[in-house]
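S.K.: Build the 3D model from these lines:
(one chain, ligands or ions: 1)
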Amino acid sequence: MASCSRIFHPTVRSLPNCLIPLRRSFPLTFPSTVAKPLSYSLRQQQKLIYLDSKKLDFRAKASMAGISAEKSKGKVQVFDSEEELAVSLAKYVADLSDKVGKERNAFTVVISGGSLVKSLRKLVEPPYIDSIDWSIWHIFWVDERVVPKNNPESNYFLAYNDFLSKIPIPSGHVYAINDSLSAEGAADDYETCIKHLVKSGTIGQSEASRFPKFDLMLLGMGPDGHVASLFPGHPLVQESEKWVAFIKDSPKPPPERITFTFPVINSSAHVALVVAGSGKADVVHKALGDGKKHDTLPVQLVSPEGELTWFLDKGAASKI
Ligand SMILES: O=C1O[C@H](COP(=O)(O)O)[C@@H](O)[C@H](O)[C@H]1O
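M.R.: Residues are numbered from 1 along each chain as shown. Modelled structure (predicted):
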């Protein structure tokens, strides 16, 4: 078994039990390439806007990563605040965990680093901390910086402090990279580890692509439209064979990282793209089709076999 596969937490403690009417509170216009909102749902403290993103302008270069633009699909949800986004995201994840748990005894969850982790905070509070069957969870990283696990730049470090240390996930179900290896070595090691887990049936496998099929990927997006460590204009965006790749010239520090490739991301059963804050409004607008011609952003190549759901707060959605 590759060395990535067992992270024993110091102590993962089991925590004790410790529709508003739709208001248009921000400008809401849709570029001509975007379908009109299909439906509006009224839910407690949430404003949800569903767009049929099949119709979004994701065409150019989509075939690079084996994606057909026609296959692109998704639901875009906009919340009045990041707090409401976090509440809804927790319900979405918990419902999925329940559903998958009824079908098999493993729920494979891939997380990113960055701001995504903060948006998971409602999962570690009641009711979810008590209602979720954490014993079936298996956690992976869509990308990781090649730094020691106790370095504040490490995605593991961030997730451990804000999420993993607060959930009763079994030791050995947290698959961090081997931080004693080089970037090349860590990517190979992580891929070997994933292959073992596919072989043993813990991780599913896409019948269509033969790439691993994770139950859920929780992805953030950078202000340049990058997802995982797949950056605009970087050749790794076009990687079509490797499951896990390494990068030594990341435009965002630290430069050395490993990352799942698009074929892995796009073989997922569910992908949630979680984006908050007005600092990302321009790129969200671009990603969802601003009606202008520009190079395809990595985030526009996220087109899973399963479901794609965007979770945006009002700030991030303020230009769409
Ligand atoms: O470097 C990274 O950046 C992205 C985006 O981070 P955010 O803080 O802007 O949300 C993140 O998704 C990725 O995992 C991370 O390595």
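S.K.: Only C-alpha atoms from now on, for both contacts and neighbour counts.
M.R.: Will do.
S.K.: Residues of this structure that sit close to the ligand?
M.R.: Within reach of the ligand by CA under 6 Å from any ligand atom, the chain has these residues: 112-116, 143-144, 219-222, 227-229.
S.K.: Filter those down to just the ones in helices.
M.R.: If you go by DSSP state H, the residues of the chain next to the ligand have nothing in helices.
S.K.: With pLDDT and neighbour count added, can I get those residues in TSV?
M.R.: Converted to TSV, those look like this (pLDDT from 0 to 100; neighbours: other CA atoms under 10 Å):
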residue	pLDDT	neighbour count
Ser112	98	24
Gly113	98	24
Gly114	97	18
Ser115	98	17
Leu116	98	20
Asp143	98	29
Glu144	98	29
Leu219	98	27
Gly220	98	27
Met221	98	24
Gly222	98	19
Val227	98	28
Ala228	98	26
Ser229	98	30
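S.K.: how about the helices in the stretch 51-200 of the chain?
M.R.: With DSSP state H, counting those that start in this stretch as the criterion, the stretch 51-200 of the chain has helices at 82-103, 128-131, 155-162, 183-199.
S.K.: In CSV: those, plus mean pLDDT and mean neighbour count.
M.R.: Shown next, in CSV, are those (pLDDT from 0 to 100; neighbours: other CA under 10 Å):
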stretch, mean pLDDT, mean neighbour count
helix 82-103, 98, 18
helix 128-131, 98, 18
helix 155-162, 98, 20
helix 183-199, 98, 20
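S.K.: Minimum distance to Leu288: which of those helices has it?
M.R.: helix 82-103 (18.5 Å; CA to CA).
S.K.: just checking, what packs against that closest one?
M.R.: Helix 82-103 is packed against strand 46-50, strand 107-111, strand 307-313, with contacts defined by 3 or more CA pairs under 8 Å, 6 or more residues apart in numbering; DSSP states H and E.
S.K.: out of those, nearest to Lys75?
M.R.: With distances scored as CA to CA, the stretch of the helices and strands packed on helix 82-103 nearest to Lys75 is strand 307-313 (4.7 Å).
S.K.: Average pLDDT for that closest one, rounded please.
M.R.: Average pLDDT, strand 307-313: 98.
S.K.: Against which helices or strands is it packed?
M.R.: strand 75-79, helix 82-103, strand 270-275.
S.K.: let's see 6 Å
M.R.: For strand 307-313, the packing partners by 3 or more CA pairs under 6 Å, 6 or more residues apart in numbering; DSSP states H and E come out as strand 75-79, strand 270-275.
S.K.: okay, these in a markdown table with mean neighbour count and mean pLDDT next?
M.R.: Shown next, in a markdown table, are the helices and strands packed on strand 307-313 (neighbours: other CA atoms under 10 Å; pLDDT from 0 to 100):
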| stretch | mean neighbour count | mean pLDDT |
| --- | --- | --- |
| strand 75-79 | 22 | 97 |
| strand 270-275 | 24 | 98 |
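S.K.: Of the helices of the stretch 51-200 of the chain, which is nearest Ser278?
M.R.: Of the helices of the stretch 51-200 of the chain, the one closest to Ser278 (CA to CA) turns out to be helix 82-103, at 10.9 Å.
S.K.: circling back to that earlier point, which of the helices and strands packed on strand 307-313 sits closest to Tyr160?
M.R.: Checking the helices and strands packed on strand 307-313 against Tyr160 by CA to CA gives strand 270-275 as the closest, at 19.1 Å.
S.K.: Direction included, what does that closest one pair up with?
M.R.: strand 216-219 (parallel), strand 307-313 (parallel) (DSSP bridges).
S.K.: mind exporting it as PDB, just the C-alpha atoms?
M.R.: The C-alpha coordinates for strand 270-275 follow below in PDB (Å, rounded to 0.1, in the frame of the first residue of the first chain):
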ATOM      1  CA  HIS A 270     -21.000  14.900  -7.700                       C
ATOM      2  CA  VAL A 271     -18.900  18.100  -7.900                       C
ATOM      3  CA  ALA A 272     -19.800  21.100  -5.800                       C
ATOM      4  CA  LEU A 273     -18.000  24.300  -6.800                       C
ATOM      5  CA  VAL A 274     -18.000  26.600  -3.800                       C
ATOM      6  CA  VAL A 275     -17.200  30.300  -4.400                       C
END
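S.K.: following it, which helix or strand shows up next?
M.R.: Sequence-wise, the next helix or strand downstream of strand 270-275 (DSSP states H and E) is helix 281-287.
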